[in-house]
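Enquirer: Provide a 3D model corresponding to the input given below.
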Amino acid sequence: MPKTAFIVLKSPVELDPTHLMKRLADRQDATALLLEDGVYQAVQTSAADRLGRVAGEVLVSHEDLEARGFGTSDLKLGKAVGYPEMVDCLMERTERSITL
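Expert: This is a model prediction of the structure:
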């Protein structure tokens with residue numbers, strides 16, 4: 001199965017991306033890129049637990065995390081990164097991307 005990047009833009013209140021992610025990629029082939037309100041997926045415990053079960057890698061936009069008043073210590077899952085690392089992930093390490 002191809003390596004897939006799932007770009008998550010919505011909060012857990014608006015969207016649970018895990019059902020679709022589970023259907024379209026195996027855990028080891030799924031990377032979640034959390035941007036905009038999607039960063040809440042990594043700071044809310046229940047959402048982070050669900051996401052961790054379906055994504056082998058989780059990258060959280062450091063800029064969007066800070067814009068919402070959070071820091072890296074608030075993350076329950078994933079790694080805070082800048083936009084250059086997210087672009088590198090999309091362009092170099094994945095074969096397809098799906099925006100949720």
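Enquirer: tell me what the biggest helix by length in the chain is packed against?
Expert: Longest helix in the chain, counting residues (DSSP state H): helix 45-54. Using 3 or more CB pairs under 8 Å, 6 or more residues apart in numbering; DSSP states H and E, the elements in contact with helix 45-54 are helix 18-24, helix 40-43. To be clear about C-beta, it is placed using only N, CA and C from the backbone, and glycine gets the same treatment.
Enquirer: Minimum distance to Gly56: which of those helices has it?
Expert: helix 18-24 (10.5 Å; CB to CB).
Enquirer: Quick check: next helix or strand after the closest one?
Expert: strand 30-34 (DSSP states H and E).
Enquirer: and that next one, average pLDDT?
Expert: Mean per-residue pLDDT for strand 30-34: 95.
Enquirer: And for stretch 76-90?
Expert: Averaging pLDDT along stretch 76-90 gives 94.
Enquirer: so how far is that stretch off the chain centroid?
Expert: Relative to the centre of its chain, stretch 76-90 is centred 9 Å away, using CA atoms, centre = their mean, to the nearest Å.
Enquirer: Tell me which residues of that stretch come out buried.
Expert: Using 16 or more other CB atoms under 10 Å as the test for burial, stretch 76-90 gives 76-78, 80-81, 86, 89-90.
Enquirer: Kindly report the same for stretch 6-20.
Expert: Of the residues in stretch 6-20, 6-12, 15-18 count as buried by neighbour count, 16+ other CB under 10 Å.
Enquirer: what do you get for stretch 25-44?
Expert: 25, 29-35, 37-44.
Enquirer: Next one: Tyr83 from Leu33, what distance?
Expert: Distance, Tyr83 to Leu33, by CB to CB, to the nearest Å: 10 Å.
Enquirer: shared neighbours of these two, which are they?
Expert: Common contacts of Tyr83 and Leu33 (CB atoms under 8 Å, 6 or more residues apart in numbering): Ser61.
Enquirer: on that earlier part again, from the buried residues of stretch 25-44, which is closest to His62?
Expert: Nearest to His62 among these, with distances taken as CB to CB, is Val39, at 9.2 Å.
Enquirer: sorry, back to before: and which of the buried residues of stretch 25-44 is nearest to Thr94?
Expert: The closest of the buried residues of stretch 25-44 to Thr94 turns out to be Thr31 (CB to CB; 6.3 Å).
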